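Visitor: Give the three-dimensional model of this entry:
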Amino acid sequence: MKLILFDGECNFCDRSVQFVMKRDPEAIFTFASLQSGAGERVKEHYNINPSLDSMILVEGETYYTKSTAALKICRNLKGFWKVFSVLLVIPKPIRDFFYNIVARNRYKWFGKRETCRLPSPEERARFLEERTELNLP
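Guide: Presented below is the predicted three-dimensional model:
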């Protein structure tokens, strides 16, 4: 399972999910907002700090946050985007320094939603819902 947890109130995060979906034709990723019941259950299962509002990638029994999550997602995308995964060789504190600048300013630069955007019927199958049974490791 490859699950991406994202801030469902953030316009930039929503656009990032749309970006990933377009470049993931084999639908290897599923999605849940951090604010959803499913997102909360995943954070609890992996003992992830409840206040963490970073993008989180869950792969099997491991989870990644911030720049590591973003770059590991790129590794799985169709096209040129795979190249960005080479940035994983840069030490995490340096990568996360730049990630944190965008994260701190994402609402100011890209705006904030009051609620999560409803996915289209085609997209809906790729999102965990409140009642989704989680088969976590």
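Visitor: Cross-check the contact I'm expecting between Tyr46 and Gly60.
Guide: No - taking contacts as Cβ atoms under 8 Å, Tyr46 lies outside contact range of Gly60: 10.9 Å. Where you see a C-beta, it was placed from the backbone N, CA and C, and this is true even at glycine.
Visitor: With neighbour numbers in mind, choose between those two.
Guide: It is Tyr46, of Tyr46 and Gly60, that has more neighbours when counted by other Cβ atoms under 10 Å, with 15 against 9.
Visitor: ok, the more buried one to Thr62 distance?
Guide: To Thr62, Tyr46 is 9 Å away according to Cβ to Cβ, to the nearest Å.
Visitor: Now do the strands in this structure.
Guide: 2-6, 29-33, 56-59, 62-65 (DSSP state E).
Visitor: Distance from the first one to the middle of the chain?
Guide: Going back to what we said before, that points to strand 2-6. 4 Å (Cα atoms, centre = their mean, to the nearest Å).
Visitor: quick one: buried residues of it?
Guide: Neighbour counts over strand 2-6 (16 or more other Cβ atoms under 10 Å) mark 3-6 as buried.
Visitor: Pick out whichever of those residues sits closest to Leu34.
Guide: Using Cβ to Cβ, Leu5 is the member of the buried residues of strand 2-6 that sits closest to Leu34, with 5.3 Å.
Visitor: Need the pLDDT of that closest one.
Guide: The model reports Leu5 with a pLDDT of 94.
Visitor: Same check on Ala70?
Guide: Note for Ala70: predicted pLDDT of 95.
Visitor: what do you get for Ile48?
Guide: For Ile48, pLDDT reads 93.
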